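> Pasting a predicted model and its sequence here:
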Amino acid sequence: ISTDTDVSLSSYDEAQGSKLICKAKEAPLVPVGIAGFAALVTYGLYKLKSRGNTQMSPHLIHMRVAVQGFVVGAMTVGMGYSMY
(Lines give C-alpha, C1' and ligand atoms only; values in the text may rest on other atoms or scores of the structure.)
Protein backbone atom coordinates (compact mmCIF):
# COMPACT_ATOMS: atom_id res chain seq x y z
CA ILE A 1 0.00 0.00 0.00
CA SER A 2 1.45 3.33 -1.05
CA THR A 3 0.41 6.62 0.45
CA ASP A 4 1.28 10.23 -0.28
CA THR A 5 2.96 10.59 3.10
CA ASP A 6 5.78 8.16 2.23
CA VAL A 7 9.13 9.92 2.33
CA SER A 8 12.23 8.41 0.85
CA LEU A 9 15.54 8.72 2.65
CA SER A 10 17.14 10.78 -0.14
CA SER A 11 14.38 13.39 -0.09
CA TYR A 12 14.66 13.58 3.71
CA ASP A 13 18.41 14.25 3.48
CA GLU A 14 17.84 16.86 0.80
CA ALA A 15 15.20 18.59 2.89
CA GLN A 16 17.52 18.71 5.90
CA GLY A 17 20.35 20.12 3.79
CA SER A 18 18.15 22.80 2.30
CA LYS A 19 16.79 23.62 5.76
CA LEU A 20 20.37 24.13 6.99
CA ILE A 21 21.14 26.40 4.03
CA CYS A 22 18.00 28.46 4.67
CA LYS A 23 18.90 28.84 8.35
CA ALA A 24 22.44 29.88 7.40
CA LYS A 25 21.00 32.59 5.12
CA GLU A 26 18.75 33.84 7.92
CA ALA A 27 21.55 33.91 10.49
CA PRO A 28 24.91 33.98 8.69
CA LEU A 29 26.97 33.95 11.89
CA VAL A 30 25.68 30.56 13.01
CA PRO A 31 28.03 28.68 10.65
CA VAL A 32 30.85 30.96 11.81
CA GLY A 33 30.06 30.03 15.41
CA ILE A 34 29.97 26.34 14.56
CA ALA A 35 33.27 26.57 12.69
CA GLY A 36 34.88 28.50 15.55
CA PHE A 37 33.62 25.95 18.04
CA ALA A 38 35.07 23.10 15.98
CA ALA A 39 38.38 24.95 15.54
CA LEU A 40 38.73 25.64 19.26
CA VAL A 41 37.89 22.05 20.16
CA THR A 42 40.46 20.80 17.64
CA TYR A 43 43.06 23.20 19.01
CA GLY A 44 42.23 22.15 22.56
CA LEU A 45 42.65 18.48 21.73
CA TYR A 46 46.00 19.23 20.10
CA LYS A 47 47.17 21.22 23.13
CA LEU A 48 45.90 18.46 25.43
CA LYS A 49 48.23 16.03 23.69
CA SER A 50 51.23 18.34 24.05
CA ARG A 51 50.47 19.87 27.45
CA GLY A 52 53.59 18.51 29.11
CA ASN A 53 53.37 18.12 32.88
CA THR A 54 50.38 20.45 33.30
CA GLN A 55 47.37 18.90 35.02
CA MET A 56 44.37 18.12 32.88
CA SER A 57 41.63 19.89 34.87
CA PRO A 58 42.96 23.48 34.50
CA HIS A 59 43.53 22.84 30.80
CA LEU A 60 39.96 21.61 30.31
CA ILE A 61 38.53 24.53 32.31
CA HIS A 62 40.45 27.07 30.21
CA MET A 63 39.37 25.43 26.96
CA ARG A 64 35.72 25.30 28.09
CA VAL A 65 35.80 29.01 28.94
CA ALA A 66 37.42 29.84 25.58
CA VAL A 67 34.84 27.86 23.61
CA GLN A 68 31.93 29.29 25.58
CA GLY A 69 33.29 32.81 25.13
CA PHE A 70 33.58 32.33 21.39
CA VAL A 71 30.04 30.96 21.07
CA VAL A 72 28.54 33.72 23.25
CA GLY A 73 30.49 36.34 21.26
CA ALA A 74 29.24 34.91 17.97
CA MET A 75 25.67 34.92 19.30
CA THR A 76 26.03 38.53 20.46
CA VAL A 77 27.39 39.69 17.12
CA GLY A 78 24.61 37.73 15.38
CA MET A 79 21.93 39.42 17.47
CA GLY A 80 23.47 42.80 16.74
CA TYR A 81 23.50 41.96 13.03
CA SER A 82 19.85 40.87 13.07
CA MET A 83 18.81 44.02 14.98
CA TYR A 84 20.68 46.24 12.54
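Cool, the structure landed. Computed from a predicted model, the values in this text were never measured in an experiment.
> Okay, buried residues for the longest helix seen in the chain please.
Scanning the chain for the longest helix, with DSSP state H as the assignment, gives helix 56-83. Within helix 56-83, the residues that count as buried by 16 or more other CB atoms under 10 Å are Met63, Val67, Phe70, Ala74, Gly78. Heads up, the C-betas are built off the backbone N, CA and C, glycines and all.
> Using CSV, please lay out the residues you listed together with distance to Gly52.
What follows is those, written out as CSV (distance: CB to CB, whole Å):
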residue, distance to Gly52
Met63, 15
Val67, 21
Phe70, 25
Ala74, 31
Gly78, 37
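> returning to that earlier point: pLDDT averaged over the longest helix of the chain - what is it?
In this model, helix 56-83 carries a mean pLDDT of 83.
> ok now stretch 48-60, how far from the chain's centre?
Going by CA atoms, centre = their mean, to the nearest Å, the spacing between the C-alpha centre of stretch 48-60 and its chain's C-alpha centre is 24 Å.
> Compute the first-to-last residue distance for it.
Distance across stretch 48-60, first residue to last, is 8 Å (CA to CA, to the nearest Å).
> Contacts for that stretch, please.
The contact list for stretch 48-60 (CB atoms under 8 Å, 6 or more residues apart in numbering) reads Gly44, Lys47, Met63.
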